[in-house]
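Give me coordinates for this.
(one chain, ligands or ions: 1)
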Amino acid sequence: MDGNLQNDIEKIVEADRAHVWHHLTQHKPLETGEPRIIVEGRGMRVWDQHGKEHLDAVSGGVWTVNVGYGRERIANAVRDQLIKLNYFAGSAGSVPGAQFSEKLISKMPGMSRVYYTNSGSEANEKAFKMVRQIAHKRYGGKKHKILYRDRDYHGSTIGAMSCGGQDERNAQYGPFAPGFVRVPHCLEYRAQWDLSGEEYGQRAADAIEEVILAEGPDTVGALCLEPVTAGGGVITPPEGYWPRVQEICRKYDILLHIDEVVCGVGRTGTHWFGYQHYGVEPDFVTMAKGVASGYAAIACCVTNERVFDMFKEDMTDPMDYFRDISTFGGCTAGPAAALENMAIIEEEGLLENTTVMGDYMLDQLHALKDKHKVIGDVRGKGLFLGAELVADRTSKEPVPEKHAQAVAADCMAQGVVIGVTNRSIPGFNNTLCYSPALIATRDDIDQIIAATDKALTKVFG
Ligand code: PMP
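Residues are numbered from 1 along each chain as shown. Now for the predicted structure:
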């Protein structure tokens with residue numbers, strides 16, 4: 001930490017304590033305790049106000065800093081762009097906006113248009129609005145319902161929460177928007193049907209069809225899903241799930257909206273996007289976190305040409321276009337950072353590294369499971385992994401949230417930041433979450449696993 005900051009840090013901590021309202025935080029303990037302030041970052045590591053080093057196993061807390069901290073190349077590109085032109089909004093385009101769109105679309109066969117906005121929630125809201133407008137344009141407003149899945153999360157706005165499958169997160173924020181309908185999750189570990197593998201996957205998808213039939217297919221406009229569910233417990237889909245989901249969407253002419261806010265831009269390894277592992281052909285793909293790794297705020301709602309075409313059909317109708325704007329969708333820092341971010345992933349072979357390191361980490365988590373009976377299940381894809389903690393492997397009763405939190409707190413004391421699904425689903429805030437940057441090495445992973453091992457022994461014996 002530089003000298004000036006060292007002198008000022010007490011004042012900064014005081015200012016934070018007095019005036020900052022932290023995300024996801026009960027503030028009472030901070031009146032006497034000290035808020036944590038992250039001051040610097042480099043590679044996989046960050047330093048707090050006391051100069052203590054932490055190995056960040058969650059990419060900035062919430063699956064975001066995919067290329068790691070301290071990337072001067074991104075900072076320089078953003079700086080150059082800001083000096084040239086920081087912003088212009090409305091119907092005009094920008095140089096980095098055009099360049100990044102072209103690059104992004106080159107990684108997404110079948111997709112064609114990029115709509116810029118600021119956050120994952122908003123990217124999802126854009127897709128919802130497009131679905132609703134299509135319903136009005138084509139079906140007299142009838143085909144307007146949007147299906148979402150139990151345990152999935154699509155954002156913090158009232159619209160996105162209306163599409164949210166995490167009841168504890170939603171509690172006390174209703175009433176929500178109408179026209180969103182829930183379908184069952186596909187987590188085989190907590191099976192809802194007495195089947196396994198591919199048969200289980202197909203059955204979980206059939207459950208979506210049952211909801212469509214109950215609602216009336218002519219009322220259902222879209223299905224919105226995470227490819228691998230993140231905050232709802234790191235849920236990888238069973239074999240057979242996605243092909244059947246795609247088939248059902250085609251059968252009933254339902255638009256498929258894939259939320260890649262967490263999975264997108266390399267997180268799951270090998271492919272740029274999670275859905276690409278499963279051969280899915282979406283109509284909407286929304287993304288945010290890893291698009292610019294947190295170097296600038298940028299989110300995108302990407303559509304195929306079929307969707308885009310529906311918004312330019314009738315020049316005689318003054319309402320026949322997407323009448324929507326995000327003020328900061330006109331910031332050029334976002335696409336400038338996103339271009340460099342993508343170039344880094346390509347040049348450093350980070351999709352491949354994510355696959356190799358993800359497989360290694362999954363093996364290590366399985367080894368931990370062999371050692372600690374409190375781990376009931378291990379799952380994930382690429383560097384997006386989870387370990388579900390249960391009090392008993394037969395009943396699968398989740399451990400209390402405070403015990404999972406104690407494991408994370410002990411890792412933090414050891415200088416390793418891991419995550420826990422928290423305050424999202426009643427009774428199921430029990431999954432340890434790992435999402436290190438895509439640059440992770442074996443040594444980093446060994447350190448994360450060793451800290452977890454020690455913490456599990458301390459908390460559960
Ligand atoms: N979708 C998913 C799958 C997410 O995990 C999140 C955020 N955690 C969002 C959407 C919302 O993104 P944001 O917080 O940028 O609005």
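
contacts, neighbours, all on C-alpha from now
Fine.

Gln202: which element?
helix 197-215 (DSSP states H and E).

Need the contact partners of that helix.
For helix 197-215, the surrounding residues in contact (C-alpha atoms under 8 Å, 6 or more residues apart in numbering) are 183-186, 188, 193-194, 220, 237-242, 244-245, 248.

Give me the ChimeraX select line for those residues, limited to the buried ones.
Listed next is the ChimeraX selection for buried residues among these, using 16 or more other C-alpha atoms under 10 Å:
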select :183,184,185,186,188,220,237,238,239,240,241,242,244,245,248
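
Please flag which of the contacts of helix 197-215 sit within strands.
183, 220 (DSSP state E).

quick check, Gly279 in a strand?
No: per DSSP: H, G, I helix; E, B strand; the rest coil, Gly279 lies outside any strand segment and is coil.

Spit out the contact partners of it.
Per C-alpha under 8 Å, 6+ apart, neighbours of Gly279: Pro243.

With Asp167 instead?
Residues in contact with Asp167, defined by C-alpha under 8 Å, 6+ apart, are 424-426.

Rebuild those residues as CSV, extending it with neighbour count, pLDDT and secondary structure.
Below are these laid out as CSV (neighbours: other C-alpha atoms under 10 Å; pLDDT from 0 to 100; DSSP: H, G, I helix; E, B strand; the rest coil):
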residue, neighbour count, pLDDT, secondary structure
Ser424, 21, 82, coil
Ile425, 21, 86, coil
Pro426, 13, 87, coil
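
Let me have those residues in a markdown table, adding distance to the ligand as columns.
Shown next, in a markdown table, are the contacts of Asp167 (distance: C-alpha to the nearest ligand atom, whole Å):
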| residue | distance to the ligand |
| --- | --- |
| Ser424 | 11 |
| Ile425 | 14 |
| Pro426 | 18 |
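
which residue is nearest the centroid of the chain?
In the chain, the centroid-proximal residue (C-alpha atoms, centre = their mean) is Val262; its distance is 2.2 Å.

which parts of the longest helix anywhere in the chain are buried?
Using DSSP state H to define each element, the chain has its longest helix at helix 350-371. Residues of helix 350-371 classed as buried under the neighbour-count rule (16+ other C-alpha under 10 Å) are 350-362, 364-366, 368-369.

related to what we said a few turns ago, looking at the contacts of Asp167, which one is closest to Gly330?
Gly330 lies nearest to Ser424 out of the contacts of Asp167, by C-alpha to C-alpha, at 32.8 Å.

hey, where'd the strands end up in the stretch 1-150 of the chain?
For the stretch 1-150 of the chain, the strands defined by DSSP state E, counting those that start in this stretch occupy 38-42, 45-48, 53-56, 113-117, 145-149.

Please list the residues of the stretch 251-400 of the chain that sit near the ligand.
Counting by C-alpha under 6 Å from any ligand atom, the stretch 251-400 of the chain comes close to the ligand at 259, 261-262, 288.

go again using 5 Å as the cut-off
Proximity of the stretch 251-400 of the chain to the ligand, by C-alpha under 5 Å from any ligand atom, involves residues Val261.

who are the neighbours in contact with Glu125?
159-160.
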